[in-house]
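1. got a predicted structure here, sequence first:
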Amino acid sequence: MRQRAVCARCHTVLIAPRRKAGKQLISLALTVLILIVAAVLFPFLSIGAGGMHHDASILQAAFVFEGGLSVLAVAVLFFIVVIPALRLLLLIYVLAPIIRDRPPAPLARPAFRLSEALVPWSMAEIFAIGCAVALVKLSDLADVAFGPAAWMFAILVVLVVATDSLMCRYSIWASLDQ
Amino acid sequence: MRTARDMGLVGCTRCMRVAPLGTALCPRCGSILHSRDPMALQKVWAWWLLGLGCYIPANLYPMLETRTLVSTQSDTIVGGAVTLAQHGNWGVALIILVASVVIPVAKFLVLAGLAFGVWRGTRLSQARQHLLYEIVEYIGRWSMIDVFVVAILSSLVQLQALATITPGRASLFFALSVIFTMLSAQSFDSRMIWDSARPPDDQEDRQP
Amino acid sequence: MTQTATPPPEPPVTPAGRNLIDRISVIWLVPLAALLVVLGVAWQAYSERGPLLEIAFDNASGVRAGTTELRYRDVTVGMVEDVSFAPGLDRVLVKVRVDQEVAPYIDGDAQFWVVRPQVTARGVTGLGTVLSGVYIEGLWDNSPGAAVTQITGLPDAPLERVGQDGLRLMLRAQGRASLVEGAPVVYRGIEVGRIGRPRITADGASAEAEALIFAPHDRLINSATRFWDTSGFSFSLGPAGAQLDFSSVAALVSGGVTFETMISGGTAARAGDDYTVYPEESAARASLFRGDDSEILTLSAVFEDNIAGLTVDAPVEWNGLRIGQVSALNGVVDEDRFGDGRVRLLVDLAIRPGRLGLEGGAGRDTALEYLHESVARGLRARLASASLLTGGLKIELVDVPDAPPAEIETIEGGDLLLPTTESEIADVSATATGVFERINALPIEEVMAEAITLMQNANALVSSSETRDIPGSVNALLDETRGVIGAPEVQALPARLDAVLTEMETLVAQIAQEALASKLSAALSDASAASQGVSDAVSGVPDLVARLDAVAQKAESVEIDALAAELTALIRSADALIAGEGAQALPGTLNTTLEELRHVLAQLREGGVVENATAALGSARDAADTFAEAGRDLPGLIAEAQAVLEQARGTLAGYAADNGVGRDARAAMREVERAARAVSSLARAIERNPNSLLLGR
C-alpha cells in the first residue's frame, strides 16, 4: 500500500494512504472534542481598562448578537463550536470500526458525506484569526488577558488543521466502499 | 486530455468515485451525480444576487456601535477601517479592509466573471480560471472574520459607562452575504470551465 | 504519469498484538494528555476559588453579578456572583466569591458597604464608580478570625478608612450647633477628622455623633480642647467694623467642626471622651472660663406648674449662685406616680459640681452625696422668676425648713429626681415696686444727689466772677463730657439704666431670697435697733431691713468709704478747679453741658421703661433726701453696720465649720461677699468715671 496517486494535471499528491492514520485521526479528534468542551466552559478573554474588568467566554461572544441579530448568534455558535464538534464526532463514528477492521457502522457513508460537506462551514480557525485581529484592535485601548479557554482554543485550531491535513479522504472512502 | 465524461463515466465530486454515465446516485456516498450540473449556473447567479443584495446593506448599516463616555459612534465596515487607519492602526485596518471589502468584492467579480466566462466564453486560460475558482472557494469563508471580530469586541468591551460596543445590523447582512457567496461558489461546477474551452457542439452532443 | 506499474510490495507481517501494551497505540496519549490538562485547569480553577460570602444590603443599586467587584484597600479581592432577595424581600443578598487568600481575615467584624459616586459640597467621592460602576468595599482587620458566610452590609461607608487610625470621640451638639454626617473636622484649614452619623441622645436633649480624629492629629486633642461649629457664617458689626466670618465654603454648605486647645495643661484625651460642640467660637472660648465644666451632674425635677418662661439654658441657681443650667424640658404624664393624667414639667438640670464650692474636689459623687444630705435637710427645687422684664424663669434650689421629708429618687432610666417645692414666681408689678424701692438704697441716689449738689455749686460758680479764670483743660474736659452726653448712647440711657436696675434688682433679690437672709436679718436685728434713728426717719418704708442689708453688704466692701472719699475728693477738686484760674471759658461750655444734662434727664424722664419708674425715682429722690439727711452721719452708720456685720460674722463663725448650716452660712457669706464685690466694682467704676452711672457706661 505504499503507493500514492498524483494528479495527472498538476502533479499534486492525490492519495497517500498512511496506515496508522486512522488511529491518529481518532485520537486527534478526541483531543479536539475535549478541548472544544473545555474552551466553551472556561473563561476565554478578559479585558481591563480604567479599573474595570470584564470577562467574556466563547458562548458570550456568540450570544452578543441579540434581538434581530439572534439568528447570527446561532450561526456563529454553529460555525465555531457545533459544526467543528459535529464533524469530529462524525469522523470518529466513521473511523472507529475501520481501524478495528470491522465493517463500517450503519449510515457511515452519509455520515462521512455530511462531515465532508461541513468542511467549509467549520470556521474555528477563522474565529482564532478574528480573535487576533480584535486583540490588536483593543491592545492600545485596554489590557486584554487570555483565559484558559483561549489557549485551548489556540491548540484546538492547530489540531483541527492537522486533522484535516492528516485525513486521507480517499482511503476512508475506499475503506467505506466495501 | 480525457475527462471522465470522455470515457463514459461520471465522477462523484464528494467521494471521487467514478460511476458509469447515467448513474443517478453515487454508489459509494449516495450523492446526486451530475456529469455537469445543468442548474449550476442558475444556482450560482441566484446565490450571487442574494449575496450581493445582502452586501449592499452590510455596507450601509453600521457594523459596530461604540458607546464611550463622551460619544456614541456608529461605524460602517469601511468607516471603521478608515477610523482605524486614522488612528495609525494600519495593520488592522488593512486586515479589516481586505477581509470585508477586497475579498467580498473580488469574490463577486470573480464569480460573476467565471459564470459569465462559462456561459459566453473567456480569454482566460483554463488553468487561470481554475486557480481563480480555487481561490474564491478557499477564501470565501475568511470573510467571516469581520463578523467574529465584531462578536469578540462586543462581548469583551462591556465596560459600562467607559466603553460599550454592540454589534450593528450590518453584521447580520454581512454574515448572510458571506454565507450566500460561499453557497454561490459551491454551486459553481468547476468542470464547466473545461467545457467552456471546447466548441459548443462538442459540448452538446456529450450532454447526457 | 508517475504511477508505478509494478505491483505493490507485500508489507512485512508481524503477529497480531499479544499483550495489551503492544496493542494500544501511543497516539492515545494525546487525547489523554488533553483530558488531563483540561481536568487540571478545571480542578485548579475550582480549588483556587474562595468561599461564597453573602452580604445583606438595604439596596443593591448598581450591583451586578459578574461585574461588581469586592475591593479591599482598592485591590479586587472578589466578584459578585449573584444578587437576590432575602426571604421577605426586605433585604438584598449579594453573594460574593471571595479570593481564597483574604477569606480567612473576613470574620464577624468585617464591614462592607457599596461605594457609589457621591457629590457633596466637599467634593465628589467615588468618581471612579461613575465609569466603572459601583463596587463593594470591605474593611477588616489583619488577624484571621472565625469564618462567616453571612454578614450585613453597611448602608454607608464607615467613619474610618483603611490606613486611617485615629482617636474616636463623642461630639455633643450644644444649642444651635449642628452635626452633619461626614462633615469634616477642620484644624487650621486642614481636615483632620470626620464626623460620623449623628443621632439623638437617649434623653432626646441633644444630638451626638461619633467623630474620628485621624492620627497623628489626634494628639492635638486634650481635655482643654473645645470644639465649635463652623458651618454657616456669622456677621457682626463691632468696634472693628463689619465682620463676616466663615471658615470655608465647604463648611458653609456642609457643616463642619473645628477645635482649638485654648489653654495649656489639659490631660490627654482618651478614646470615647465626650466633647461639646459649641455654636460658635466665642461660646467655645467662654466655656473655658466657666470653671470646670468637664463634669456634669444631671438631675431631674418634676414641677406641678407648667408655666411658660422656662427655657433650655435657663440658670439653675443655689443661693443666687449659678450652679448649672436647664439642659432639657419635657412634659411628663405618669398617672401611677402622680395620681392623675396631668402634664407635668420634667426639667433636666445640668449641675456643675465645681460650682457648689465643696471642699476636697468637686466630683460628681461628692456633689451628689452633698445634695442628698441637703435634700434630707429640706433642699428643694423650685421655679422662680429670673427676669421681671422678660418673664423668664429659672430653677432655684432653696432650703425649705419645714418641708415634708423627701429624698433624691432614682427613677426609671437611672435619672435622679430632685424633690420640688412651690414655685416662687413673683408678680411683676409688685416686684417692680420693690425693685425701685430697693434702688433707693443704691448709691446712685447719693451720686445723683452729689451731682445735683455739684451742679448747684457749679451754677453758683457760674454766676461768680471767678469763672473767667477756669483753665482750658476744664473746657476740654467739659467738651469731652458734652461729647459723652451728646453721644448716641445717651439715647439708650433709659434701657441702660434699666439694665443697671435689673442687675441691682437681681443683686438685691439674690440676697433677699437667700434662705440665710432671714438668719442674717435676725443677726442684723441689732443693726435695726442700732439704726433706730434711721428707721424712724424713713418710717413707713417696710423694706428698711432689706435696704439695710443692702447697705450692710455694700459696707462690707470698704471701698464704699473710698468711694465717698473719692466723690468728696472729686467734688473738692472740682471745686478747686472751678475756683482755679482758667475757668473763664467754663460758663458757656458748662451751660451747654448742663443743657444737655437737662436734656438727658428729660429724656430719662420720657424714657419708656423709666416712665413707670418716675414715681419711684421721685420717691427715690425723697428717699435720697431723707437718706441724705439721715446720711449726714453716714460714716457713723456705716461703721455701725460694719460692726453689725462683724457681729454677724462672729455669730456665723460660731457654727461648726463642717456643720451643714455653717456650710450654708459660708456659702451665703461667699455670696454676700460676691455681691459686695459687685458693688465695689460698681463703686470702682463710678470712681473711674462718675458719669458711668448716669450714662450707663
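-> On my side now, so go ahead. Residues are numbered from 1 along each chain as shown, chains lettered A, B, ... in the order given.

2. drop to CA atoms for contacts and neighbour counts, all remaining ones
-> Noted.

3. count of residues packed around the closest residue to chain A within chain C?
-> Closest to chain A within chain C is C:Pro31: 4.1 Å, counting by CA to the nearest CA. Here the count is done by other CA atoms under 10 Å in any protein chain shown, and C:Pro31 has 20 residues near it.

4. in this structure it contacts A:Leu30, no?
-> Yes: contact between C:Pro31 and A:Leu30 holds when scored by CA atoms under 8 Å: they sit 5.7 Å apart.

5. returning to that earlier point: which residue packs closest to the residue of chain C closest to chain A, ignoring adjacent ones?
-> Beyond its immediate neighbours in the sequence, the residue positioned closest to C:Pro31 (CA to CA, 6 or more residues apart in numbering or on different chains) is A:Thr31, lying 4.1 Å away.

6. what of B:Ala24?
-> The shortest distance from B:Ala24 to any non-neighbouring residue, by CA to CA, 6+ apart, is to B:Leu33 (5.4 Å).

7. repeat that for C:Met79.
-> Closest residue in space to C:Met79, ignoring its immediate chain neighbours: C:Glu69 at 4.5 Å, by CA to CA, 6+ apart.

8. check contacts around the one you found.
-> Contacts here follow CA atoms under 8 Å, 6 or more residues apart in numbering or on different chains; on that basis C:Glu69 touches C:Thr76, C:Val77, C:Gly78, C:Met79, C:Val80, C:Tyr135, C:Ile136.

9. the fifth one - that's part of a strand, no?
-> Pointing back at C:Val80 there. Yes: secondary structure of C:Val80 (DSSP: H, G, I helix; E, B strand; the rest coil): part of a strand.

10. where's the residue nearest to C:Pro31, which helix or strand?
-> The secondary structure element spanning A:Thr31 is helix A:21-41 (assigned by DSSP states H and E).

11. what's downstream of that helix, the next helix or strand?
-> Following helix A:21-41 toward the C-terminus (DSSP H and E): strand A:45-49.

12. is that following strand up against chain C anywhere?
-> No: with CA under 8 Å from any CA of the partner chain as the threshold, strand A:45-49 lies outside contact range of chain C, at a closest distance of 9.1 Å.

13. avg pLDDT for that strand?
-> When the per-residue pLDDT values of strand A:45-49 are averaged, the result is 77.

14. now do B:Gln129 against chain A, distance only.
-> In this structure, B:Gln129 lies at 14 Å from chain A, with CA to the nearest CA, to the nearest Å as the measure.

15. any idea how many residues pack against that residue?
-> When neighbours are defined as other CA under 10 Å, B:Gln129 has 21 of them.

16. now do C:Pro419
-> When counting by other CA under 10 Å, one arrives at 21 neighbours for C:Pro419.

17. wait, it touches C:Ala406, no?
-> Yes: assessed by CA under 8 Å, C:Pro419 is found in contact with C:Ala406 at 6.5 Å.

18. what touches both of the two?
-> Common neighbours of C:Pro419 and C:Ala406, using CA under 8 Å, 6+ apart, are C:Val375.

19. identify each buried residue in the host helix or strand of B:Val10, please.
-> For B:Val10, the element it lies in under DSSP H and E is strand B:9-11. Taking 16 or more other CA atoms under 10 Å in any protein chain shown as the neighbour-count basis, strand B:9-11 is seen to contain the buried residues B:Leu9, B:Val10, B:Gly11.

20. ditto for stretch B:18-37
-> Buried residues in stretch B:18-37, counting neighbours by 16+ other CA under 10 Å, are found at B:18-19, B:21, B:23, B:26-29, B:31, B:33-37.
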